[in-house]
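Got a predicted model here, sequence first, then my questions.
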Amino acid sequence: YRDTDDLIALSIAAGKKHKSITERLANCEEVDINKPSSSGITPLLMVAEVGWPDILQILLKRVAIVDAAPSRPKAKVNKIAGSTPLIGAIEYDHPDCVKILLQNKANANHQNQSGISALMLAAD
């Protein structure tokens with residue numbers, strides 16, 4: 001299932017902070033937890049950017065790709081294209097999510113399509 005913004009059901013549940021629904025969907029074998037929308041947003045990236053650590057942990061338990069950085073062909077701001085969840089969590093100032101992502105071995109040196117890394121953002 002996808003909505004009008006091309007988000008899968010897992011992204012919708014996670015984005016609305018529905019913990020129990022997110023947990024159920026994340027545990028379904030049929031659900032591709034790393035599937036991005038047509039604009040390149042994965043459930044993990046969305047949750048890291050909005051700053052919901054409890055939902056982030058649910059997704060990471062199901063082996064979400066911590067450094068997934070799909071291109072965002074429809075992105076209005078070029079600096080976000082290719083950003084990882086860690087870059088998103090730092091950009092939007094969510095230290096709890098940053099900590100969880102680093103504990104799950106997120107790469108602080110990964111650069112997005114503009115050459116910006118999480119480490120560079122954190123130092124800024």
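Received it, and whenever you're ready, just let me know what you need. Numbering: from 1, shown residues only.

And the helices in this structure?
With DSSP state H, the ranges of helices along the chain come out as 9-15, 19-26, 43-50, 53-61, 85-91, 95-103, 118-123.

how far is the third one from where the chain is centred?
The chain centre lies 4 Å from the centre of helix 43-50; the measure is Cα atoms, centre = their mean, to the nearest Å.

Report the central residue of the chain.
The chain has Leu45 as the residue nearest its centroid, 1.2 Å off, counting by Cα atoms, centre = their mean.

State the number of residues packed around the closest residue to it other than its chain neighbours.
Nearest residue to Leu45 in three dimensions, chain neighbours excluded: Pro85, at 4.9 Å (Cβ to Cβ, 6 or more residues apart in numbering). Where C-beta positions appear, they are placed from N, C-alpha and C, glycine not excepted. Pro85 is flanked by 32 other residues according to other Cβ atoms under 10 Å.

same check, this time on Glu29
Neighbour count of Glu29, defined by other Cβ under 10 Å: 6.

Show the pLDDT at it.
The model reports Glu29 with a pLDDT of 86.

just Lys35 next, same as before
We have a pLDDT of 83 for Lys35.

any weak-confidence spans in this structure?
Along the chain, segments meeting pLDDT under 70 span 1-7, 63-64, 70-80.
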